[in-house]
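Next come a sequence and a model predicted from it.
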Amino acid sequence: MAKHTDNVQETENSDEELHRKWNELLQEMRVMQTGAQILAAFLVVLPFQSRFDTLEAPDERFYLVLLVASALVILLLVTPVAVHRHFFGQQLKATTVHLGHIISRIVVVGVGVLVAGCVWFVIQVLHGWQMGLLVGGILTAAALFLLLVLPRIVTPRSKLPAE
């Protein structure tokens with residue numbers, strides 16, 4: 001099957017295309033994994049800080065939601081690898097790539113919301129619920145716009161009118 005990418009003509013068969021897509025997917029997952037693991041580590045060590053004991057019940061619940069969300073994001077990040085291992089050698093690369101694609105779309109939004117939530121939590125603990133809601137709400141809206149809306153409204157260069 002012929003592919004045209006940025007004025008470079010490539011030919012790749014179906015197996016080569018699936019292999020390329022799988023490798024691209026793994027690279028994207030590696031980028032997200034680093035950020036998610038750093039956030040999870042931050043959340044895991046928080047209860048061991050002396051100031052954590054001063055949190056009120058709503059703050060602790062918010063923290064627990066963020067902690068569980070970070071664990072779920074990390075589990076989602078490794079799911080495509082587990083599926084790949086399960087189907088390894090069974091000629092099911094298309095299934096693995098498709099599932100990995102779906103999961104990566106969920107993880108992108110999950111990481112964005114998790115980042116916004118962590119900032120929201122810190123600001124809310126330091127400056128109260130109103131400031132946390134203001135900054136966290138704006139950051140959450142920005143994350144959702146950048147990760148869900150913007151990719152859908154960007155026009156690929158190949159579809160722009162010739163200059």
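Cool, got the structure. Residues are numbered from 1 along each chain as shown.

Only C-alpha atoms from now on, for both contacts and neighbour counts.
Will do.

Where does pLDDT dip in the chain?
Within the chain, the set of residues satisfying pLDDT under 70 comprises 1-10, 160-163.

top helix in it by residue count?
helix 93-127 (DSSP state H).

List the buried residues in that helix.
93-94, 96-97, 100-101, 103-104, 107-121, 123-125 (16 or more other Cα atoms under 10 Å).

how far does it sit from the chain's center?
Offset of helix 93-127 from its chain centre (Cα atoms, centre = their mean, to the nearest Å): 4 Å.

I'd like to know which elements it is packed against.
Applying 3 or more Cα pairs under 8 Å, 6 or more residues apart in numbering; DSSP states H and E, one finds that helix 93-127 contacts helix 14-45, helix 57-87, helix 129-144.

And the first one, what's buried?
Of the residues in helix 14-45, those scored as buried under the neighbour-count criterion (16+ other Cα under 10 Å) are 18, 21-22, 25-26, 29, 32-33, 36, 39-40, 43.

Would you mind stating the distance between the closest residue to Val111 other than its chain neighbours and Pro80?
Spatially, and ignoring its direct neighbours in sequence, Val111 is nearest to Ala36 (6.3 Å; Cα to Cα, 6 or more residues apart in numbering). Here the criterion is Cα to Cα, to the nearest Å. By it, Ala36 lies 16 Å from Pro80.

How about the contacts made by the most centrally placed residue in the chain?
Geometric centre of the chain, nearest residue: Val108, 2.5 Å, by Cα atoms, centre = their mean. For Val108, the contacting residues are 32, 147, by Cα atoms under 8 Å, 6 or more residues apart in numbering.

what's Gly132 in contact with, if anything?
So Gly132 contacts 120-125 (Cα under 8 Å, 6+ apart).

How far does stretch 44-52 sit from its chain's centre?
25 Å.
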